[in-house]
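A.B. asks: Provided below for reference: sequence and predicted model.
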Amino acid sequence: MKAETYDHEKFRRLLDINITGSFLVAQACGQAMIKSGRGGSIINIASMSGSVVNFPQEQSCYNASKAAVIQLTKSLAAEWARYGIRVNSISPGYMDTALNRVPTLEGQKRIWIDHTPQKRLGCVDDLNNLAVYLASDGSSFMTGNNCIIDGGYTLCMALAAFLFALSVSAAAIKLKEPLAAPVPHFEHAYTINRLPSRGPVQPMSDLRTVDSVIRLTRGNGSSLSSLYVQSMRLQDTGREGGYSRLTTGSLPLVNIEQGTVFLAPVTVGGQDFDVVIDTGSSDPWLVSTGFDCVDPYTHDNEPEDYCYFGPLYDPSQSTTLTPIPDRNLNLSYADGEFINGLMGYESFTMGGITIPQQQFSAVNFAGWYGDGISSGLVGFAYRTLTSAYAGTDPKADKAGHQISYNPFFVNMYTSNTTAPVFSMAMSRNENEGGVMALGGIPDIPHSPYWISVPIIPVGVNASSGEVVYEFYTIVIDGYAYTSDQSAQFNPYNSANSRKRSLVGNGTQAIVDSGTSLMYVANDVAVGITLAFTPPGTCDPSSRTDPTCYVPCHSIPPVFGVTIKKKVFFVNAQDMILQNGVDDNGIPVCISAVQANLKGLTILGDSWMKNVLAVFDIGAEMMRFSAREFYGLGSYGSTASPGGYS
């Protein structure tokens with residue numbers, strides 16, 4: 001129920017049911033009790049949503065109506081106490097009622113249970129017993145009370161609601177900025193584990209320049225990888241999942257920490273679309289004409305434009321579609337979004353390469369917060385993460401019973417259409433995304449020197465044990481940083497006093513363009529922040545704001561990441577990011593290198609702008625070449641300040 005688009009008639013009906021109805025019934029009962037002279041007990045049914053904002057469900061209208069019931073209860077209790085009439089209200093939490101016993105709410109109910117200390121939903125008897133007590137003489141000295149019965153849910157919500165209120169108030173100061181995407185709500189306590197080799201491992205591919213190059217654009221939304229990164233980053237310190245805790249004096253670190261979505265053009269069944277490119281998931285899917293859109297959290301039916309997709313795939317306009325009988329896609333993401341759809345074979349073309357019979361899903365049911373441009377997603381992870389199931393009823397799908405199939409890029413190289421390699425070069429110009437080459441590298445300027453390092457595939461496991469996402473992980477030697485702009489570094493850590501030593505040796509790091517920032521060990525992040533001139537401030541131990549801030553006009557330190565004894569330096573342009581303004585309209589800036597809060601180490605977009613990164617899937621290797629001073633050549637349509645793009 002988006003407040004900005006909620007229908008006025010629906011709102012009036014909602015108020016009539018929840019508050020007007022409560023008042024009329026209480027009024028009639030009160031009149032009868034006053035007339036009898038014997039008093040009595042009136043019990044109104046409110047909701048915990050009248051006391052807390054159980055964000056991220058967009059239900060402000062419902063919350064307001066239930067808050068009104070609570071206030072009505074207190075007011076009537078004060079007015080009618082002289083007549084011996086007691087008025088109390090019951091505010092249920094998440095209850096196991098017939099209304100909630102629908103398959104489409106199963107995922108949401110797992111979220112509710114995860115965030116309830118008693119680890120269950122309430123039952124009708126819980127409410128009945130409380131109502132009997134409030135109606136009996138045992139509660140004769142109770143009136144005007146709002147009795148929350150929620151298994152402890154609102155205990156955990158209190159701090160989150162307070163921080164969210166702070167972030168909303170701060171965001172209102174800067175209304176000229178684009179609205180942020182919804183704050184993700186995490187369903188599981190995620191863990192990360194090493195995956196077995198995909199084998200057999202092939203020799204490293206020749207790095208040749210290819211014509212199959214895709215121009216990437218940046219989308220407005222939360223990247224899937226950043227959702228898992230931030231969830232695990234916060235849970236490692238006992239914080240609640242989400243971003244509302246990261247508040248400054250005026251703005252939360254939401255836009256930056258939501259990561260970067262990269263879009264690429266694809267032609268499917270003769271129809272052109274923009275899709276999200278995701279290296280951590282596998283399934284290719286497009287939303288189909290006539291799909292059903294629902295709110296990801298409330299599961300209320302909504303108009304199609306609520307899901308905010310780009311152009312819709314029209315099966316009736318395709319001559320190459322072959323439906324797959326008794327097969328469905330059932331896919332959920334970390335922030336609560338989900339899709340269901342039927343499976344089929346279809347012609348897919350990307351970067352000039354066509355797979356004539358690519359298995360994919362035409363999505364007909366979606367709970368989604370789109371960007372208004374992308375029509376779906378194409379995953380570049382392994383086939384073990386595909387989410388197809390037998391049958392056509394998603395309600396019957398069982399975790400662990402997926403039917404594997406070849407994702408789009410796997411089909412490319414297993415059919416010998418291209419080498420088992422893709423590469424990415426990100427642009428530091430925010431008007432551009434970068435380029436992605438299939439089967440080799442793009443023809444862009446870069447250093448002639450390459451280093452190679454084994455890929456350590458790791459999987460993100462949900463609390464159910466199911467692998468839901470994959471990351472490409474490597475071992476780095478350490479970090480090089482100093483405020484001395486003329487310093488040299490010694491990757492071998494010898495006793496040469498003229499060279500600086502590395503810090504954070506032997507660290508495993510995730511390489512992920514979808515995460516905007518770099519996340520390093522807490523002490524390293526503090527050291528880098530203090531190395532700015534003038535220095536910044538950083539307190540990773542803070543439970544309210546562990547962000548590393550730097551003066552917007554400061555000079556960044558020399559900073560690089562060392563891999564296989566080669567230091568890959570980060571251009572000074574990529575070391576400071578503006579993140580809104582403070583209460584006085586003064587820009588607030590943060591370091592591109594943030595504390596990982598003893599969690600995951602990430603080499604994000606700020607670092608990847610400075611390298612040409614090669615994902616050699618066949619050899620299970622990653623290769624890097626420096627390009628911190630190079631643009632995208634003929635693929636860069638514009639130049640950013642200083643001539644870099």
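C.D. replies: In hand now; what should we look at? Residues are numbered from 1 along each chain as shown.

A.B. asks: number of nearby residues for Trp450?
C.D. replies: Burial of Trp450, expressed as a neighbour count using other Cβ atoms under 10 Å, amounts to 16. C-beta coordinates here come from the backbone N, C-alpha and C atoms, glycine included.

A.B. asks: repeat for Val201
C.D. replies: For Val201, the count of nearby residues is 12 (other Cβ under 10 Å).

A.B. asks: so what's the backbone phi/psi at the nearest residue to it once chain neighbours are set aside?
C.D. replies: Nearest non-adjacent residue to Val201, counting by Cβ to Cβ, 6 or more residues apart in numbering: Glu620, 5.4 Å away. Main-chain torsions, Glu620, degrees, to the nearest 10: phi 50, psi 50.

A.B. asks: wait, doesn't Glu620 sit right on Ile455?
C.D. replies: Yes - the pair Glu620 and Ile455 qualifies as a contact (Cβ atoms under 8 Å) at a distance of 4.7 Å.

A.B. asks: and the gap between the residue nearest to Val201 and Cys548?
C.D. replies: Remark: distance between Glu620 and Cys548 (Cβ to Cβ, to the nearest Å) = 34 Å.

A.B. asks: biggest strand in the protein by residues?
C.D. replies: Ranked by residue count and defined by DSSP state E, the top strand of the chain is strand 353-367.

A.B. asks: if you count neighbours, what's buried in that one?
C.D. replies: 353, 355, 358-367 (16 or more other Cβ atoms under 10 Å).

A.B. asks: out of these, who's nearest Lys609?
C.D. replies: Ile353 (25.9 Å; Cβ to Cβ).

A.B. asks: does the closest one touch Ala419 like I think?
C.D. replies: No - applying Cβ under 8 Å, one finds Ile353 not in contact with Ala419, separated by 11.4 Å.

A.B. asks: which neighbours do these two share?
C.D. replies: Gly439 (Cβ atoms under 8 Å, 6 or more residues apart in numbering).

A.B. asks: pLDDT wise, what is Tyr153 at?
C.D. replies: Looking at Tyr153, its pLDDT is 80.

A.B. asks: and Trp285, what does it touch?
C.D. replies: So Trp285 contacts 329, 331, 339, 341, 360-363, 376-377 (Cβ under 8 Å, 6+ apart).

A.B. asks: dump the residues you listed to JSON lines, plus pLDDT and distance to Pro534.
C.D. replies: As requested, these are exported to JSON lines (pLDDT from 0 to 100; distance: Cβ to Cβ, whole Å):
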{"residue": "Leu329", "pLDDT": "93", "distance to Pro534": "53"}
{"residue": "Leu331", "pLDDT": "87", "distance to Pro534": "48"}
{"residue": "Ile339", "pLDDT": "93", "distance to Pro534": "48"}
{"residue": "Gly341", "pLDDT": "95", "distance to Pro534": "54"}
{"residue": "Phe360", "pLDDT": "97", "distance to Pro534": "53"}
{"residue": "Ser361", "pLDDT": "96", "distance to Pro534": "53"}
{"residue": "Ala362", "pLDDT": "96", "distance to Pro534": "56"}
{"residue": "Val363", "pLDDT": "96", "distance to Pro534": "51"}
{"residue": "Gly376", "pLDDT": "93", "distance to Pro534": "47"}
{"residue": "Leu377", "pLDDT": "92", "distance to Pro534": "43"}
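
A.B. asks: name the element Tyr630 belongs to?
C.D. replies: Assigned by DSSP states H and E, Tyr630 belongs to neither a helix nor a strand.

A.B. asks: surely it meets Pro442?
C.D. replies: No - judged on Cβ under 8 Å, Tyr630 makes no contact with Pro442 at a distance of 11.7 Å.

A.B. asks: more neighbours: the two, which one.
C.D. replies: Pro442 (25 against 19).

A.B. asks: my guess is the more buried one contacts Ser427, does it?
C.D. replies: No - using Cβ under 8 Å, Pro442 is not in contact with Ser427, being 11.7 Å away.

A.B. asks: what do these two both touch?
C.D. replies: Leu632.

A.B. asks: return the distance of Glu470 relative to Ile590.
C.D. replies: 28 Å.

A.B. asks: residues contacting Arg500?
C.D. replies: 480, 482, 484, 487-490.

A.B. asks: if we take the residues you listed, which one ends up nearest to Ile602?
C.D. replies: Ala480 (17.7 Å).

A.B. asks: surely that closest one and Gly560 touch.
C.D. replies: Yes - with contact defined as Cβ under 8 Å, Ala480 reaches Gly560; the gap is 4.5 Å.

A.B. asks: name the element Ala68 belongs to?
C.D. replies: Going by DSSP H and E, Ala68 is in helix 60-80.

A.B. asks: could you give the mean pLDDT of that helix?
C.D. replies: The model assigns helix 60-80 a mean pLDDT of 93.

A.B. asks: what about the helices in the protein?
C.D. replies: 8-15, 21-36, 60-80, 106-114, 124-135, 153-172, 224-235, 304-307, 408-414, 522-530, 605-608 (DSSP state H).

A.B. asks: switch these over to TSV; also include mean neighbour count and distance to Gly290.
C.D. replies: As requested, those are exported to TSV (neighbours: other Cβ atoms under 10 Å; distance: least, Cβ to Cβ, whole Å):
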stretch	mean neighbour count	distance to Gly290
helix 8-15	12	23
helix 21-36	14	36
helix 60-80	19	28
helix 106-114	17	23
helix 124-135	14	38
helix 153-172	16	36
helix 224-235	25	26
helix 304-307	17	9
helix 408-414	21	24
helix 522-530	21	49
helix 605-608	27	36
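
A.B. asks: for those helices, which has the smallest mean pLDDT value?
C.D. replies: helix 153-172 (a mean of 45).

A.B. asks: just to revisit the earlier point, and which of the contacts of Trp285 is nearest to Pro315?
C.D. replies: Nearest to Pro315 among those, with distances taken as Cβ to Cβ, is Ala362, at 5.9 Å.
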